[in-house]
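K.L.:
Pasted the sequence and its predicted model underneath.
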Amino acid sequence: MAAFGIKSVIAVSFGDIHYNNMMKNGLCPVRSSQEACQNLRGQLFDNVGATITVDLMEMKVIVPDGIEFEFDMHPLKRRCLLEGLDDISLTTQYMGSIRAFQAKHHSDKPFMKVQETEQSIEKGRFEG
């Protein structure tokens, strides 16, 4: 969808997999009421090519006739869309904390540390 310039999808509901896949691909899924979706659909049929604004900062949709409606989204998912973060880039923001935890955990419980072998180091599978 993003390849065709679609940045958001407005619907009454989404399946969990569809919703999460949209988020992972940088699309903004907007859940709205049946009434609002019907109204929007009617406006788009009457005015082909009309513009719809999805304001992620303000958490609102502005439809062609100027009516606005609000929508909800989990704050972390909203942040990821606004900042262009995927799961990996979000995780890498916490690398300092992760490394500090690993160091403390390995010193407190050295018996639990994964032992590196020459073979694992050559293949790049483990990090010490």
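P.N.:
Here it is on my side, so go on.
K.L.:
Dump stretch 94-105 to CSV, restricted to CA.
P.N.:
As requested, C-alpha coordinates have been extracted for stretch 94-105 and formatted as CSV (Å, rounded to 0.1, in the frame of the first residue of the first chain):
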residue,chain,number,x,y,z
TYR,A,94,18.0,1.0,24.6
MET,A,95,21.4,-0.6,23.8
GLY,A,96,23.2,1.2,26.7
SER,A,97,20.7,-0.1,29.2
ILE,A,98,20.8,-3.6,27.6
ARG,A,99,24.6,-3.7,27.8
ALA,A,100,24.6,-2.5,31.4
PHE,A,101,22.0,-5.2,32.3
GLN,A,102,24.1,-7.9,30.5
ALA,A,103,27.3,-6.8,32.3
LYS,A,104,25.6,-6.9,35.7
HIS,A,105,23.8,-10.1,35.0
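K.L.:
shift numbering so it begins at 18
P.N.:
In the new count, where the first residue is 18, that last one comes out as stretch 111-122.
K.L.:
Can you tell me how far residue 56 is from residue 81?
P.N.:
Relative to residue 81, residue 56 is positioned 10 Å away (criterion: Cβ to Cβ, to the nearest Å). C-beta: built from backbone N, CA, C; applies to glycine.
K.L.:
again with residue 58
P.N.:
Applying Cβ to Cβ, one obtains 11 Å for the distance of residue 58 from residue 81.
K.L.:
next one: phi and psi at residue 25?
P.N.:
Listed backbone geometry of residue 25 is phi -150, psi 150, with angles given as degrees, to the nearest 10.
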